[in-house]
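>>> Give me the fold of what follows.
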Amino acid sequence: MKILRIAAGTLLVIAGLILCVIPGPGIPVLVLGFGLLSHDLKWAAALRERVVTFVRHAGAFAKRHWRVTPVPLRVAFIVFVGFVASAAGYGAWRVVF
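Predicted coordinates:
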């Protein structure tokens, strides 16, 4: 079982790296791959803990600063993120089709 889990995790990490370059869900696939690897490999478990800690701190930072940000600036940020997401989707569509 351990060998299968390591093989599946390695394949998911490789697929995630490829999907980071071509259009696709690269980051979620990488997370799944490293999640599988972290069950059996100490370096992957340490990496997972560092990433989880970083994401928690980044989320707390964003939450603290979002609350004190003026409403017009929040709206502008949301619109900007929407435009960036639309541009990324359009770019991915142009690459694929």
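
>>> can you give me the helices for this protein?
Ranges of helices in the chain, per DSSP state H, are 2-21, 26-37, 42-68, 71-96.

>>> Deepest-packed of these, please.
Highest mean neighbour count among the helices of the chain (mean count of other Cβ atoms under 10 Å): helix 26-37, with a mean of 17. To be clear about C-beta, it is placed using only N, CA and C from the backbone, and glycine gets the same treatment.

>>> Give me the residues contacting that helix.
5-6, 8-20, 44, 47-48, 51 (Cβ atoms under 8 Å, 6 or more residues apart in numbering).

>>> before we move on, back to that, possible to save the helices of the chain as TSV with mean pLDDT?
Formatted as TSV, the helices of the chain follow (pLDDT from 0 to 100):
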stretch	mean pLDDT
helix 2-21	88
helix 26-37	87
helix 42-68	91
helix 71-96	91
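
>>> Show me the residue at the heart of this protein, geometrically.
By Cα atoms, centre = their mean, the mean C-alpha position of the chain lies nearest to residue 27, the distance being 4.0 Å.

>>> For that residue, give its distance to residue 12.
12 Å (Cβ to Cβ, to the nearest Å).

>>> What sits closest to residue 25 if chain neighbours are left out?
residue 19 (6.1 Å; Cβ to Cβ, 6 or more residues apart in numbering).

>>> does that neighbour really touch residue 13, like I thought?
No: contact criterion Cβ atoms under 8 Å: residue 19 and residue 13 do not qualify, at 10.7 Å.

>>> From residue 34, how far out is residue 50?
11 Å.
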